[in-house]
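Show me how the following folds:
(2 chains)
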Amino acid sequence: MTLSGSRPLIEMRDVRKSFGTYEVLKGISLSVNDGSVVCIIGPSGSGKSTVLRCINGLIPINSGTIRVGDFAVETLKSDKALIPLRHQVSMVFQQYNLFPHRTVMQNLTMAPIQVLGEDPRKVRDRAAALLAKVRLTGKENAYPGELSGGQQQRVAIARALAMEPRVILFDEVTAALDPEMVSEVLGVVRDLARDGMTCVLVTHEMRFAEEVADEVFFTDRGVIVEHGPPATLFKSPSDPRLKDFLDKVL
Amino acid sequence: MSLDFSWLSDSLYQRWLLTGIGTTLLMSLLGILLMMVFGIIGAIFLHFRTPVLGTITTILVELFRNTPPLVQLFFLYFMLSSLGLSLTDPATGRSIPLFSGFTCAVLSLGLYNGALAVEIIRSGLIAVPAQTVEGARSLGYTRFQTFRHVELPIGLRLSMPAMTNNVVSLIKTSSQAALVAVADIMYGATQIMVETFRNLEVMLLIWLLYVVIASLAVWILRRITILFRIPGYGVDRP
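Reported below is the predicted structural model:
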């Protein structure tokens, strides 16, 4: 499905991962094209979040290969070697994972300054623009604990963008939010997708996945059971496990 | 029974007490600094599970935590003096021990309360949410950068209440320095008692002085805790 002459931005081939004796990923293969939006759906414990954490090297894999851009992720062992990868791959988490002891502005500027060694003034300008983009101008000096869940998650998205990544991984970013805050966060993600940012989302928001995704992967018990464009996957699922899952969540 | 505090007007006794207070404060302050240094270094070794140094830290912590501080002070004092490390005073030409009673007392306080501080800081580090650490890791922070910029600043804040207790304990323990002839409050008090036999009155005053010093320390640490409080994080009480 790749365009002639271009290859996917992310490619996972037969990735296996065990925690102790429990095998979470039993041979996952997927690819994500540059500028596309990919959603991963599936029941709890099917390995969705583990897939994301493997892509940016937070979790080392047992076998298989993961390529992101020019990086062979499974060969990057040291912290130093992982820095260029994490520059390209940002992540947004279910629990926001912000730095509680730093202000909103500092949360955005810390990593670009301390990890990437960028000019603090440039980073601050960029951060201010990003806060405007997630509609949080005026909250620069607030601490994460003083914000609502939806606001914190938007800070987390701005923090991920401040790294100027090529792809952002979203790990159930609305799962911890009140219903009215879900839409404000999804609105920001939708804007990013429209702007052409490559996004990989693990989500339980089926309607949102249907709306924004170019491709949807359904995982169950450590394997990708079915994948395809949302229209086919949601409207005419072929695998009985996917049918069963969609019956429960839709 | 009547209390007689007339000895307090004696200028010699006043001087003994004032220098004693100064010595106790200086000794405690240096002890606290050393305690924090030992505490943070030890916590780093345990936190990163450093192969050899981690094991040594565990052994030292158990050793200093589970033996009486007075025994440690005497051990340090007699061991270091019997090692014979000494300086020659250039002015008088006399040989003076490198490790005076004061140095030994500071060292012993730093080690004893430092051993406790290791565990206190480590418990603070453990209490830093795994998600916060994961957030830092995902942004490219190395393990040490994560420690320096995220885990330690949060962990130290979380360990402040327990550390306040430890500081008070250190100030109280410093009174044993009098037994290796450090002229602290306790030493001055003993001298005055020997001369005046007003044991009860002197002890009442000493008791009051320690209450004041310890309370002052608690007040200062409370101010620091409030100054570094994370808005909206954990128990947010003024």
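
Not counting its neighbours along the chain, what's nearest residue 76?
Unless you meant another one, I'm taking chain A. Take A:Leu76 and drop its neighbours on the chain: the residue closest to it by C-beta to C-beta, 6 or more residues apart in numbering or on different chains is A:Leu82, 5.1 Å away. Where C-beta positions appear, they are placed from N, C-alpha and C, glycine not excepted.

that's the wrong chain, I meant chain B
B:Cys104 (4.7 Å).

pLDDT weak spots in chain A?
Low-confidence segments of chain A (pLDDT under 70): A:1-5.

Apply 80 and report the result again.
A:1-6, A:250 (pLDDT under 80).

ranges for the helices of it?
A:48-55, A:79-88, A:104-114, A:120-133, A:149-162, A:179-194, A:206-212, A:230-235, A:240-249 (DSSP state H).

Highest mean neighbour count out of the ones you listed?
helix A:149-162 (a mean of 25; mean count of other C-beta atoms under 10 Å in any protein chain shown).

moving C-terminal of the helix or strand harbouring B:Leu111, what's the next helix or strand?
Secondary structure from DSSP states H and E places B:Leu111 in helix B:101-126. Per DSSP H and E, the first helix or strand lying C-terminal to helix B:101-126 is helix B:130-138.

anything in that following helix sitting right up against chain A?
Yes: applying C-beta under 8 Å from any C-beta of the partner chain, one finds helix B:130-138 in contact with chain A at B:131-132, B:134-138.

What is the longest helix of chain B by residue count?
Looking across chain B with DSSP H, the single longest helix is helix B:11-47.

what about that helix, distance to the chain center?
How far helix B:11-47 lies from its chain's middle: 5 Å, per C-alpha atoms, centre = their mean, to the nearest Å.

which other helices and strands contact it?
Here helix B:11-47 touches helix B:51-65, helix B:101-126, helix B:160-173, helix B:185-196, helix B:199-227, going by 3 or more C-beta pairs under 8 Å, 6 or more residues apart in numbering or on different chains; DSSP states H and E.

Please name the residues that touch the residue of chain B found nearest chain A.
In chain B, no residue comes nearer to chain A than B:Gly232, which is 2.3 Å away by C-beta to the nearest C-beta. Neighbouring residues of B:Gly232 by C-beta atoms under 8 Å, 6 or more residues apart in numbering or on different chains: A:100, A:143-147.

Residue ranges in chain B under the pLDDT threshold?
B:1, B:80-99, B:234-238.

Show me which residues of it sit near chain A.
B:129, B:131-132, B:134-143, B:145, B:149-150, B:153-154, B:157, B:230-233, B:236.

Just the buried ones from these, in PyMOL syntax?
In PyMOL, a selection of the buried entries from the residues of chain B next to chain A looks like this (16 or more other C-beta atoms under 10 Å in any protein chain shown):
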select buried, chain B and resi 132+134+135+136+137+138+139+140+141+142+145+149+150+153+154+157+230+233
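
Grab the most central residue of chain A for me.
A:Leu169 (1.3 Å; C-alpha atoms, centre = their mean).

close enough to count as contact, that one and A:Ser90?
Yes: here A:Leu169 reaches A:Ser90: they are 7.1 Å apart, a contact under C-beta atoms under 8 Å.

who touches the residue lying closest to A:Ser29 once chain neighbours are set aside in this structure?
The shortest distance from A:Ser29 to any non-neighbouring residue, by C-beta to C-beta, 6+ apart, is to A:Arg13 (5.2 Å). By C-beta under 8 Å, 6+ apart, the contact list for A:Arg13 reads A:29, A:64-66.

Show the buried residues in the residues you listed.
A:64, A:66.

From the contacts of A:Arg13, pick the one nearest chain B.
Checking the contacts of A:Arg13 against chain B with C-beta to the nearest C-beta, the nearest one is A:Ile66 at 15.4 Å.

Not counting its neighbours along the chain, what's nearest the closest one?
Using C-beta to C-beta, 6+ apart, the nearest residue to A:Ile66 is A:Val73, at 4.0 Å.

circling back to that earlier point, so which of the helices and strands packed on helix B:11-47 is the most packed in?
helix B:101-126 (a mean of 23).

name the helices or strands packed onto that helix?
Helix B:101-126 packs on helix B:11-47, helix B:51-65, helix B:69-82, helix B:152-158, helix B:160-173, going by 3+ C-beta pairs under 8 Å, 6+ apart.

okay, those helices in JSON lines with distance to A:Ile157 next?
Listed next are the helices and strands packed on helix B:101-126 as JSON lines, based on distance: least, C-beta to C-beta, whole Å:
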{"stretch": "helix B:11-47", "distance to A:Ile157": "30"}
{"stretch": "helix B:51-65", "distance to A:Ile157": "38"}
{"stretch": "helix B:69-82", "distance to A:Ile157": "52"}
{"stretch": "helix B:152-158", "distance to A:Ile157": "22"}
{"stretch": "helix B:160-173", "distance to A:Ile157": "32"}
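
one step back: let me see the contact set for the residue nearest to B:Leu76.
Counted by C-beta under 8 Å, 6+ apart, B:Cys104 has contacts B:73, B:76-77, B:80, B:180.

In TSV, list the helices and strands packed on helix B:11-47 along with distance to B:Leu30.
Formatted as TSV, these follow (distance: least, C-beta to C-beta, whole Å):
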stretch	distance to B:Leu30
helix B:51-65	17
helix B:101-126	5
helix B:160-173	10
helix B:185-196	16
helix B:199-227	14
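
Quick check: closest non-adjacent residue to B:Gly114.
In space, B:Gly114 is closest to B:Phe38, 3.0 Å off (C-beta to C-beta, 6+ apart).

Name all residues that make contact with the one you found.
With C-beta under 8 Å, 6+ apart, B:Phe38 has these contacts: B:110-111, B:114-115, B:117-118.

If we use 10 Å, what do you get?
Residues in contact with B:Phe38 (C-beta atoms under 10 Å, 6 or more residues apart in numbering or on different chains) are B:57, B:60-61, B:64, B:110-118, B:121.

Which of the three states applies to B:Asp4?
Going by DSSP: H, G, I helix; E, B strand; the rest coil, the secondary structure assigned to B:Asp4 is coil.

So what sits opposite A:Ile224 in the bridge?
For A:Ile224, the beta-bridge partners under DSSP bridges are A:Thr219.
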